[in-house]
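*Asks:* quick one, fold the following:
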Amino acid sequence: MVAAACVYFSVKNGRQVALMAPTEILAQQHYGGLAPMMEKLGVRCALLTGSMSAKTKRTISDQLATGEIDFVIGTHALISGGVEYQNLGLVVTDEQHRFGVGQRAALASKGNSPHMLVMSATPIPRTLALILYGDLDVSIIDELPPGRQQIGTSAVSGGYRRRLYSFLRRQTEEGRQCYIVCPEVSESEDAADERKAVTEYAKKLQTEVFPDLRVAFVHGKMKFKEKEAVMAAFAAGETDILVSTTVIEVGVDVPNATVMVVENAERFGLSQLHQLRGRVGRGPHKSYCVLISDSRNEETRQRLRIMTQTGDGFKIAEEDLRLRGPGDFFGLRQHGLPGLRIADLGCDAALLREAQSAADALLAEDPKLSACPATAQRVAELFAQNAETLN
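*Replies:* Numbering: from 1, shown residues only. Below you'll find the model as predicted:
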């Protein structure tokens, strides 16, 4: 709704808006939710994704260039070389941590210094946000939408799987739907890839555990049209249990889904587990998240206990940062943080804020750092070294 309001005011002031999502599923979901509402308000909308035909993409590109489209929602196709805008005034990126900085900058370069709105449903530790988004105004919405209930979360061993399957059956008998997420197989493993891991698990469930239920699977190796068909069937209530990798982590909104089961939960970061948990509890029904792990590592058990003790994504994110460090929080390609030799993100928040204020004051007085050549040189070096990742 925040983005929708920004879109409306931008268009009514004669500017175009582009919203970029990391996946086609999420882009289509945004289009399906925003376009009908915006078009009633006189905003001309379009969807642009890589899977569209060349003819369709050319048509949309031409309409963007002539100003016939006010608001375009899409994926990386929005930043392709052939796409031009007549008067781009606002750029919105959803799930922004899934994009490289260069991709966000490429979209912004399509306009003449357009306004930027970056959004993420992944709670970001406040200390980390201070560094990642130090040049942005940060707003945090930390309340559940009206009518939503807290999600009951349990961490169990594989020995509870039989009882868990009985619970899933009871949920489906009540008309609800369930997710089961398998971790991606690491490159070092000789076992089958994620496609085989998911398909074999789904086959086992269908033939041995739930022969009378409708079991489907989805994974990142599938073609977009195949994934789209599976997700559409699940959203329509035509599937009882969906076995998946983390491809469902972003862009899935099925209010009737009430159970999220995560196999080998120790392989996921806390923030990723929180994202997966957020796929359920999106409707009026009581929802549950079950984390399965046979790990006896005490730190692993501690991490999973945190998930059962709080639904506060910011507390979880702070703990994730403490346990894994900033380098692993978003992945090496995304965080863009220089190594801190002395400072500690968990303990030095006040000092980091003081440093930010000092930097702001210095730049306000001397934007080109003319009086501080050594500082200017060091900043230039950092940007050169981290050109693809520095926010």
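
*Asks:* run the chain-centre distance for stretch 301-317.
*Replies:* Averaging C-alpha positions (CA atoms, centre = their mean, to the nearest Å) puts stretch 301-317 18 Å from its chain's average.

*Asks:* next: stretch 171-185.
*Replies:* How far stretch 171-185 lies from its chain's middle: 20 Å, per CA atoms, centre = their mean.

*Asks:* stretch 200-210 too?
*Replies:* Centroid displacement of stretch 200-210 relative to its chain, using CA atoms, centre = their mean, is 29 Å.

*Asks:* quick one: end-to-end length of it, please.
*Replies:* The first and last residues of stretch 200-210 sit 14 Å apart, counting by CA to CA, to the nearest Å.

*Asks:* show the average pLDDT along it.
*Replies:* Across stretch 200-210, pLDDT averages out at 94.

*Asks:* buried sites along it?
*Replies:* For stretch 200-210, the buried set under the neighbour-count rule, 16 or more other CB atoms under 10 Å, comprises Y201, A202, L205, Q206, F210. C-betas here are computed from N, CA, C, even on glycine.

*Asks:* nearest to R305 among those?
*Replies:* Using CB to CB, Y201 is the member of those that lies nearest R305, at 25.9 Å.

*Asks:* name the element that closest one belongs to?
*Replies:* Secondary structure assignment for Y201, by DSSP states H and E: helix 194-204.

*Asks:* any idea which helix or strand comes after that helix?
*Replies:* Following helix 194-204 in sequence order, the next helix or strand is strand 215-218 (DSSP H and E).

*Asks:* what is the distance between that following strand and the centre of its chain?
*Replies:* Using CA atoms, centre = their mean, the distance between the centre of strand 215-218 and that of its chain works out at 21 Å.

*Asks:* same deal with stretch 3-15?
*Replies:* Average the C-alpha atoms of stretch 3-15, do the same for its chain, and the two points are 24 Å apart (CA atoms, centre = their mean).

*Asks:* what is the mean pLDDT for it?
*Replies:* Mean pLDDT, stretch 3-15: 94.

*Asks:* can you list the buried residues in that stretch?
*Replies:* A3, A4, C6, V7, Y8, S10, V11, R15.

*Asks:* what is the nearest of the buried residues of stretch 200-210 to D366?
*Replies:* For these, the residue nearest D366 by CB to CB is Y201; the value is 59.6 Å.

*Asks:* and the closest one, what is it in contact with?
*Replies:* By CB atoms under 8 Å, 6 or more residues apart in numbering, the residues touching Y201 are I180, C182, F217, V243, E263.

*Asks:* so which of these are in helices?
*Replies:* In helices, judged by DSSP state H, none of these are found.

*Asks:* now do stretch 225-239: distance to the chain's middle.
*Replies:* A distance of 20 Å separates the centroid of the chain from that of stretch 225-239, by CA atoms, centre = their mean.

*Asks:* the stretch 51-200 of the chain: strands as residue ranges?
*Replies:* 71-74, 88-93, 115-118, 152-156, 177-181 (DSSP state E, counting those that start in this stretch).

*Asks:* could you list the low-pLDDT ranges of the stretch 51-200 of the chain?
*Replies:* 96-102, 104, 122-136, 184-196 (pLDDT under 70).

*Asks:* sorry, back to before: quick one: which of the strands of the stretch 51-200 of the chain is nearest A27?
*Replies:* Between A27 and these, the shortest gap by CB to CB is with strand 71-74, which sits at 5.5 Å.

*Asks:* adjacent strands (with direction) for that closest one?
*Replies:* strand 16-20 (parallel), strand 45-48 (parallel) (DSSP bridges).

*Asks:* in JSON lines, list the ones you listed along with mean neighbour count and distance to A350.
*Replies:* Output for these, formatted as JSON lines (neighbours: other CB atoms under 10 Å; distance: least, CB to CB, whole Å):
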{"stretch": "strand 16-20", "mean neighbour count": "27", "distance to A350": "35"}
{"stretch": "strand 45-48", "mean neighbour count": "21", "distance to A350": "45"}
